[in-house]
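Student: this one's structure only:
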């Protein structure tokens with residue numbers, strides 16, 4: 001089965017979706033979209049350094065993404081607004097990475113594959129790295145679920161319960177770096193955050209509990225990956241961007257459906273209130 005490139009691509013897409021779902025929910029809850037964007041953009045510098053020193057891409061991207069996330073966390077609140085700091089760091093890291101790549105001689109590099117992903121070229125080794133990273137992220141968040149959730153909802157309550165918000169933030173940072181490192185092959189530097197945020201944002205209105213939101217985001221992310229892969233194969237379009245387009249389409253459909261349901265619910269409530277007054 002793994003000898004078929006489409007099966008490898010499908011498994012890679014599902015692996016990224018499963019790892020991105022819980023993390024994407026925390027990014028939505030904490031309003032950290034720009035933070036994730038900065039970490040993802042920094043991964044291009046990791047690609048350049050890995051190629052320059054003839055190292056595997058995964059550890060290079062992981063180290064640089066983690067360094068970026070820790071740096072941003074350390075400098076926030078020290079004279080700079082968070083959005084300003086993230087904007088400077090994100091675009092600077094991306095630009096430095098692209099310039100550094102241009103200086104590499106004797107290295108065959110498909111820049112578009114790193115910017116927008118090349119899921120159809122996923123090898124068995126890449127698949128092992130993707131699913132290994134996904135399992136690490138899922139295990140990390142599962143073990144720290146209560147602390148991360150309490151720190152997200154109320155820092156004072158988390159402290160009172162014996163959890164350190166700073167430590168939980170660091171765990172979230174590590175998980176984000178791992179997801180960026182495993183997803184770069186699938187959707188690329190510029191689209192990683194889209195696969196983190198869009199399924200979680202789509203699931204949010206229909207979820208009554210945080211756990212339900214994570215599960216629904218995982219289903220939506222996996223659906224976007226598989227449907228996007230099939231659509232790309234049929235219409236001969238770029239696979240990574242097509243997957244994000246499908247995720248965006250699901251978000252639009254879910255938003256319209258939610259508004260219709262909300263309107264019907266309000267009208268039903270008005271009718272019941274009128275009958276009660278009579």
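Tutor: Happy to help now that I have it. What you see is a predicted model, and the numbers here were worked out from it, not measured in a lab.
Student: how about the contacts made by the residue lying closest to residue 157 once chain neighbours are set aside?
Tutor: Spatial nearest neighbour of residue 157, excluding adjacent residues (Cβ to Cβ, 6 or more residues apart in numbering): residue 150 at 5.7 Å. In short, each C-beta sits where N, CA and C put it, glycine included. Listed by Cβ atoms under 8 Å, 6 or more residues apart in numbering, the contact set of residue 150 reads 157-158, 161, 163.
Student: count the neighbours of residue 87 for me.
Tutor: 14 (other Cβ atoms under 10 Å).
Student: state the distance from the closest residue to it other than its chain neighbours to residue 201.
Tutor: Among residues not flanking residue 87 along the chain, residue 34 sits closest, at 7.4 Å (Cβ to Cβ, 6+ apart). Separation of residue 34 from residue 201 (Cβ to Cβ, to the nearest Å): 15 Å.
Student: now do residue 189
Tutor: For residue 189, the distance to residue 201 - Cβ to Cβ - is 21 Å.
Student: the two: who's more crowded?
Tutor: It is residue 189, of residue 189 and residue 201, that has more neighbours when counted by other Cβ under 10 Å, with 28 against 20.
Student: what about that one, is that helix, strand or coil?
Tutor: Under DSSP: H, G, I helix; E, B strand; the rest coil, the three-state class of residue 189 is coil.
Student: ok, back up a step: ok, of the contacts of residue 150, which one's closest to residue 143?
Tutor: Proximity of these to residue 143 was ranked by Cβ to Cβ; the top entry is residue 163 with 12.5 Å.
Student: residues near that closest one, how many?
Tutor: Applying other Cβ under 10 Å, we find 19 residues neighbouring residue 163.
Student: which SS class is it?
Tutor: Recorded secondary structure, residue 163: coil (three-state DSSP).
Student: so what's it closest to, chain neighbours aside?
Tutor: Leaving aside its sequence neighbours, residue 163 sits nearest to residue 147 (Cβ to Cβ, 6+ apart; 3.8 Å).
Student: check residue 236 and give its pLDDT.
Tutor: Confidence at residue 236, expressed as pLDDT, is 90.
Student: typo on my end, it should be residue 85
Tutor: pLDDT for residue 85: 74.
Student: repeat that for residue 97.
Tutor: Listed pLDDT for residue 97 reads 83.
Student: so what's the residue count around it?
Tutor: If we define neighbours as other Cβ under 10 Å, then residue 97 has 22 of them.
Student: hmm, it is touching residue 50, no?
Tutor: No: judged on Cβ atoms under 8 Å, residue 97 makes no contact with residue 50 at a distance of 10.7 Å.
Student: show me the helices in the stretch 101-250 of the chain, by range?
Tutor: Remark: helices assigned in the stretch 101-250 of the chain by DSSP state H, counting those that start in this stretch are 111-116, 124-143, 145-153, 155-160, 165-183, 192-203, 210-235, 239-277.
Student: of the ones you listed, flag the one that's most buried.
Tutor: A comparison of those by mean neighbour count, using mean count of other Cβ atoms under 10 Å, puts helix 192-203 on top with a mean of 26.
Student: not counting its own residues, what contacts that helix?
Tutor: Contacts with helix 192-203, where a contact means Cβ under 8 Å, 6+ apart, come from 16-17, 20-21, 23-25, 27-28, 33, 36-37, 40, 43, 179-180, 183-184, 186-187, 213, 216-218, 220-221, 224, 243-244, 247-248, 250-251, 254-255.
Student: now the angle from the strand or helix carrying residue 48 to helix 192-203?
Tutor: Per DSSP states H and E: residue 48 is located in helix 33-52. If you take axes from the mean of the first three to the mean of the last three Cα atoms, to 10 degrees, helix 33-52 sits at 150 degrees to helix 192-203.
Student: residues contacting residue 223?
Tutor: By Cβ under 8 Å, 6+ apart, residue 223 lies in contact with 246, 250.
Student: so, low pLDDT: which residues of the stretch 101-250 of the chain?
Tutor: For the stretch 101-250 of the chain, the stretches flagged by pLDDT under 70 are 106-109.
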